[in-house]
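Novice: Structure of the sequence below:
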Amino acid sequence: MTAKQRAFVWLQRVLPTLWLSQLAHLVTRSQRPWLKRRLITRFMTHFGISLEEARLRDADAYVSFNHFFTRALLANARPLDTAADALVSPVDGTVSEAGPIEEGRLIQAKGIRYSAADLLGVDTVGLGTFLGGEFATLYLSPSDYHRIHMPMDGRLVAMHFEPGRLFSVNPTTVAGIPGVFNRNERLALLFDTAVGPLALVLVGAIFVGSIETRWTGVVTPPHGQRAWKKTMETPLPVSKGEEIGRFNMGSTVILLSGAGAVEWIDSLVAGTSVRMGQRVGTLGGLQ
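Specialist: Sure thing, here's the model as predicted:
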């Protein structure tokens, strides 16, 4: 790690990241024409973003920067692999790590592992169904599509919110702060599927104004709230490809499955770019 990268990691440890994220939440939702137009224009120029795939192709049609950032895409923009045995990517992003859940731990970066139980907000008994399973960590850069979709048919059975910090989750920070995903605030969505348990963990990050889902609405802010858990009285069915939530600014999704449920495709390795709807794994026992 270079001196510049170490300084970036150190700065995050001392900055008031919760306060800065609350400020970002206010600014990105401003509907003042001059402000939202300037933010959108500069963002599109800096990241080379085109609106060709967006439902709203006129930048002035967005009522705020956040409306633009979480923009909906045309129906055919992300083809969905409909094969019964296909596990699809829930997001557009880049693979940070993917592999087996070994001894209840996941790989964060080279030489850094962290607890799957802490990530999910469960005890060792609750983690049991994921032991010997697989995980994939998908990083969403600022330029990515920021809506989150269901990777296979399933039923939502529980949600666990864990408060925490709001460190960046870019590659430099992930390599420099051990346990960063367990330190940041996050929401775990737990599903029951035809191949066993499946979890999607939505990890907050600096300047992520909020995490929201179709069942809870906006989860954060307020930041720093107490942990909470909700078990669904009646599990809620969700079809593959359905939108389930979004990040209002960029972050990370971690997907976990039970033993024997998923086999990742050979190309799913660190640094690989994926798009929502494309096959990233094959489901055990389904064809």
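Novice: contacts, neighbours, all on C-alpha from now
Specialist: Fine.
Novice: In the stretch 101-250 of the chain, where is pLDDT below threshold?
Specialist: 207-209, 222-224, 249-250 (pLDDT under 70).
Novice: any idea which residue of this protein is furthest from its center?
Specialist: Distance from the C-alpha centroid of the chain, by CA atoms, centre = their mean, peaks at residue 34 (30.5 Å).
Novice: now the nearest residue in space to residue 121 that is not next to it in sequence, which residues is it bridged with?
Specialist: Nearest in space to residue 121, with sequence neighbours left out and distances taken as CA to CA, 6 or more residues apart in numbering, is residue 160 at 6.3 Å. With DSSP bridges as the criterion, residue 160 is bridged to residue 188, residue 229.
Novice: Count the residues that sit near residue 160.
Specialist: 19 (other CA atoms under 10 Å).
Novice: Tell me if I'm right that it and residue 232 touch.
Specialist: No. The criterion here is CA atoms under 8 Å, and residue 160 misses it with residue 232 at 11.3 Å.
Novice: Quickly note the distance from the residue lying closest to residue 162 once chain neighbours are set aside to residue 52.
Specialist: Using CA to CA, 6+ apart and skipping residues adjacent in sequence, the residue nearest residue 162 is residue 227, 4.8 Å away. Distance, residue 227 to residue 52, by CA to CA, to the nearest Å: 40 Å.
Novice: Could you do residue 78 as well?
Specialist: Counting by CA to CA, the gap from residue 78 to residue 52 is 13 Å.
Novice: The two: which is more packed in?
Specialist: Counted by other CA under 10 Å, residue 78 and residue 52 do not tie: residue 78 has more neighbours, with 15 against 12.
Novice: Does that one touch residue 274 like I think?
Specialist: No. Counting by CA under 8 Å, residue 78 sits too far from residue 274 to count as a contact (10.9 Å).
Novice: So for residue 265, what's the nearest residue that isn't a sequence neighbour?
Specialist: residue 281 (5.1 Å).
Novice: got it, and residue 50?
Specialist: According to CA to CA, 6+ apart, the nearest residue to residue 50 is residue 44 (7.2 Å).
Novice: A strand includes that neighbour, no?
Specialist: No. Read with DSSP: H, G, I helix; E, B strand; the rest coil, residue 44 is helix and lies in no strand.
Novice: Wait, residue 77 touches residue 53, no?
Specialist: Yes. Assessed by CA under 8 Å, residue 77 is found in contact with residue 53 at 5.9 Å.
Novice: for the stretch 101-250 of the chain, what spans make up the helices?
Specialist: Counting by DSSP state H, counting those that start in this stretch, one finds helices in the stretch 101-250 of the chain at the ranges 116-120, 124-127, 171-176, 180-183.
Novice: Just the buried residues of the longest one, please?
Specialist: I take that to be helix 171-176. Under the neighbour-count criterion of 16 or more other CA atoms under 10 Å, helix 171-176 has 172-176 buried.
Novice: what's in contact with that helix?
Specialist: Contacts to helix 171-176, defined as CA atoms under 8 Å, 6 or more residues apart in numbering, come from residues 5-6, 8-9, 96, 108-110, 112, 167, 180.
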